[in-house]
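Engineer: Curious how this folds, go ahead:
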Amino acid sequence: MNLEQLNTLNTEQATHMFMQCCTSSTWVNVMVQARPFASQQVLEQQADLAWQGLAEADYLEAFEGHPKIGDVSSLRAKYANTKELAGNEQGLVKEADEDVLNLLAQGNTDYEAKFGFIFIVCATGKSAQQMSDLLQARLPNNRAQELVNAAEEQRKIFQLRITKSLS
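Structural biologist: Coordinates of the predicted model:
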C-alpha cells in the first residue's frame, strides 16, 4: 500500500490498517479521521501526536494487543489480530536457548504481577537475551515510570508498522 491508497481507503479498511499498527481504539479513530496525509512524514508526526496524552486506559488497550515476549502460545493467540504487520517482530526469540526463554517467561510473569500489564519492548532486532536484560533492568521501576517506558516502546512499534505498511 502507498500513501495515496491509505488516504482513499474507506473507514472500515483504514481502521483495519491502523489496528494492525496499534490496538488502541482511540488512537486508531484519531488516525482514521486525520486522513488524508500530505506525506509519510506528516502521517508519522500525526501518529505521535495522536499517541501523546492518551488516557492510561488507551495505553493499556494498546498493550493488550501484544503477546508476551517469548511466550509462543501467547504469540499465536494475540498476533492473530496484528499478524499482517507484526509477524516477524520477535524473530530472534525463536533462536534463544531454553534457559533464556525460561528467564524471559519468569520476568514477564513478575513484570505483569508488579505493573498490571505485560512487558512492552520494541523487539525488532533484539535477541531474547537482550530483551530479558531490558526486562530485568525495568523491573525495579515504579508503575508510573513503566507506563511511560511501555508507551514509548509502543510508539516505536507502531512507527515501524506504519513504515512497513507503506512499503
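
Engineer: quick one: the helices in this protein?
Structural biologist: 3-8, 11-21, 25-34, 40-51, 56-64, 72-79, 83-86, 98-115, 128-138, 143-165 (DSSP state H).

Engineer: Just the C-alpha atoms of the first one, please, in PDB.
Structural biologist: Output for helix 3-8, consisting of C-alpha atoms alone and laid out as PDB, is shown next (Å, rounded to 0.1, in the frame of the first residue of the first chain):
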ATOM      1  CA  LEU A   3       0.100   6.800   1.000                       C
ATOM      2  CA  GLU A   4      -2.400   7.700  -1.700                       C
ATOM      3  CA  GLN A   5      -4.100   4.300  -1.200                       C
ATOM      4  CA  LEU A   6      -4.200   4.800   2.500                       C
ATOM      5  CA  ASN A   7      -5.700   8.200   2.100                       C
ATOM      6  CA  THR A   8      -8.500   6.800   0.000                       C
END
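
Engineer: Going by neighbour count, list what's buried in that helix.
Structural biologist: For helix 3-8, the buried set under the neighbour-count rule, 16 or more other Cβ atoms under 10 Å, comprises Leu3, Leu6. Just so you know, the C-beta spots here come from the backbone N, C-alpha and C atoms, and that holds for glycine as well.

Engineer: re earlier: need the helices of the chain in CSV with mean pLDDT, can you?
Structural biologist: Converted to CSV, the helices of the chain look like this (pLDDT from 0 to 100):
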stretch, mean pLDDT
helix 3-8, 98
helix 11-21, 97
helix 25-34, 98
helix 40-51, 98
helix 56-64, 97
helix 72-79, 45
helix 83-86, 44
helix 98-115, 89
helix 128-138, 92
helix 143-165, 97
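
Engineer: would you list these in a markdown table and tack on distance to Val121?
Structural biologist: A markdown table is the format used below for the helices of the chain (distance: least, Cβ to Cβ, whole Å):
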| stretch | distance to Val121 |
| --- | --- |
| helix 3-8 | 27 |
| helix 11-21 | 17 |
| helix 25-34 | 19 |
| helix 40-51 | 17 |
| helix 56-64 | 11 |
| helix 72-79 | 14 |
| helix 83-86 | 13 |
| helix 98-115 | 10 |
| helix 128-138 | 6 |
| helix 143-165 | 5 |
